[in-house]
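Novice: sequence and predicted model, in that order:
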2 protein chains.
Amino acid sequence: MVRNREQSEARLIAAVGQILAREGFAGLGVNAVARAAGVDKVLIYRYFDGLPNLLRAYGEREDFWPTSAEVLGEDAAAIRALPVGKRVEHVVLGLLDALRKRPQTIEILAWEAMEDNALTRTLADIREHWGLRVIEHVFPDPSERSEDVLALANLLVAGFQYLMIRARRSPAYGGVALNTETGWQHIRQGIRLACRSIDHT
Amino acid sequence: MVRNREQSEARLIAAVGQILAREGFAGLGVNAVARAAGVDKVLIYRYFDGLPNLLRAYGEREDFWPTSAEVLGEDAAAIRALPVGKRVEHVVLGLLDALRKRPQTIEILAWEAMEDNALTRTLADIREHWGLRVIEHVFPDPSERSEDVLALANLLVAGFQYLMIRARRSPAYGGVALNTETGWQHIRQGIRLACRSIDHT
DNA sequence: GTATAAAGTCACCGGTTGGTGACTTATCTT
DNA sequence: AAGATAAGTCACCAACCGGTGACTTTATAC
């Protein structure tokens, strides 16, 4: 048996992702993670001082959250020149595409919303800083942020996040297909439709 | 000790609601329910043949789901005379108000989306029949159901459901207050804003 | 009043959970 | 080569989980 702390840490972090993808957060525990990593669970305490910190390490991997560039596109300055409605549409759709590629991130978001414990709180901390940066990027001028438009934008984001969560178990939601690409195209069209009314006041 | 099966059953059903309200579905188990009901857990098996059926009994109480009248208003026929966008607005806002009064129902919806087991599947069955009736009521003519509008309507419903779920733990979401009435007024305005573009094509 | 079926109690089962102490073994420094 | 430090193993803990069998107690039907 080769002894290698770095490798063991990496295995534990990878095991978190495996379990989240396979069983969801319900199966996430010290025993399960250690078993999946092929490592003794005592190392979780020695190296990470418990599961919450291991989960924090997992949440801080580079590709866990999309970068601002991935959400906003390469030319962030060009976005700020668009009317507000178009800007909202752009960032909401960008966020949708970015998150659809990250099923484990969706799993974390879901869990964060459901339960309130040491593990979820650490994850909420990580996401906090990330989310604020995006808003600052898109709406540098606070006067542009109408309360109602902000509410609508967040409602749309909350909506597709919830649909992504349901998509893992259910093939459809209220007549909208969640397991086909065309179903998600309709959702994207719905978002565009909603954003159209923002500039049209 | 008075012996009364009906009362014990009622206590168990009430205990389910208590636990859902207090701890959420994470704390929902045979032992916890029996303890909260002040009743031996063996009665759960004797009277309900297990927790799933007890939960089904809980989900079938009269006031658990809003009635169609509560969502649509008293004059369901008048709604069908409105343009499509107004109809969507009306039913989405009606559903929002109806569900805001039912925190335990939100808890169930959340759980249903998160986990997939015997308990959640029984609850999904109950909700299924309920949801279809509402859609049939509002859009009796299938030709009126544009795919994109349907997607938007479901996106809005999914959105406020997700926000309600988060509201239990977080006071705000992306700058929108979830713990004040004015915050929810902004969300309602956002819904109205989104629906405006439906008829405006 | 007595028999009987049901209501309720209690102790226990195997399994899993998060967590720890004591141990062996490998690697690295001197 | 010897010793120190860290990596990894293992057995065990108390607490909980869902679930069951055997028991006592009460109400009810006859």
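Specialist: Now that the structure is in, tell me what you want to look at.
Novice: dump the residue contacts of the nearest residue to A:Arg100 once chain neighbours are set aside.
Specialist: Among residues not flanking A:Arg100 along the chain, A:Met164 sits closest, at 6.7 Å (Cβ to Cβ, 6 or more residues apart in numbering or on different chains). Glycine gets a C-beta too; all of them are placed from N, C-alpha and C. Contacts were defined as Cβ atoms under 8 Å, 6 or more residues apart in numbering or on different chains; by that measure A:Met164 touches A:Leu99, A:Arg100, A:Ile106.
Novice: buried subset of those residues?
Specialist: A:Leu99, A:Ile106 (16 or more other Cβ atoms under 10 Å in any protein chain shown).
Novice: now do the strands in chain A.
Specialist: In chain A, the strands defined using DSSP state E lie at A:172-173, A:176-177.
Novice: quick one: which of those strands is nearest A:Ala81?
Specialist: strand A:176-177 (33.1 Å; Cβ to Cβ).
Novice: partner strands of the closest one, with direction?
Specialist: Using DSSP bridges, the strands paired with strand A:176-177 are strand A:172-173 (antiparallel).
Novice: hmm, who's touching the strand it pairs with?
Specialist: Here strand A:172-173 makes contact (Cβ under 8 Å, 6+ apart) with A:Leu163, A:Arg166, A:Ala167, A:Leu178, A:Asn179, A:Gly183, B:Asn154, B:Ala158.
Novice: for DNA strand D, state which of those residues is nearest.
Specialist: Of all the contacts of strand A:172-173, A:Arg166 has the smallest distance to DNA strand D: 24.1 Å, by Cβ to the nearest atom of the strand.
Novice: and chain A, which residues reach DNA strand C?
Specialist: Proximity of chain A to DNA strand C, by Cβ under 7 Å from any atom of the strand, involves residues A:Met1, A:Val2, A:Arg3, A:Gly29, A:Val30, A:Asn31, A:Ala32, A:Lys41, A:Val42, A:Tyr45, A:Gly50, A:Leu51.
Novice: coming back round to it: of the contacts of strand A:172-173, buried ones?
Specialist: Buried members of the contacts of strand A:172-173, scored by 16+ other Cβ under 10 Å, are A:Leu163, A:Arg166, A:Ala167, A:Leu178, A:Gly183, B:Asn154, B:Ala158.
Novice: neighbours of A:Ala76, how many?
Specialist: Look at A:Ala76: counted by other Cβ atoms under 10 Å in any protein chain shown, it has 13 neighbours.
Novice: in terms of pLDDT, where does the closest residue to it other than its chain neighbours sit?
Specialist: Once flanking residues are discounted, A:Ala76 sits nearest to A:His137: 5.9 Å by Cβ to Cβ, 6+ apart. pLDDT for A:His137: 84.
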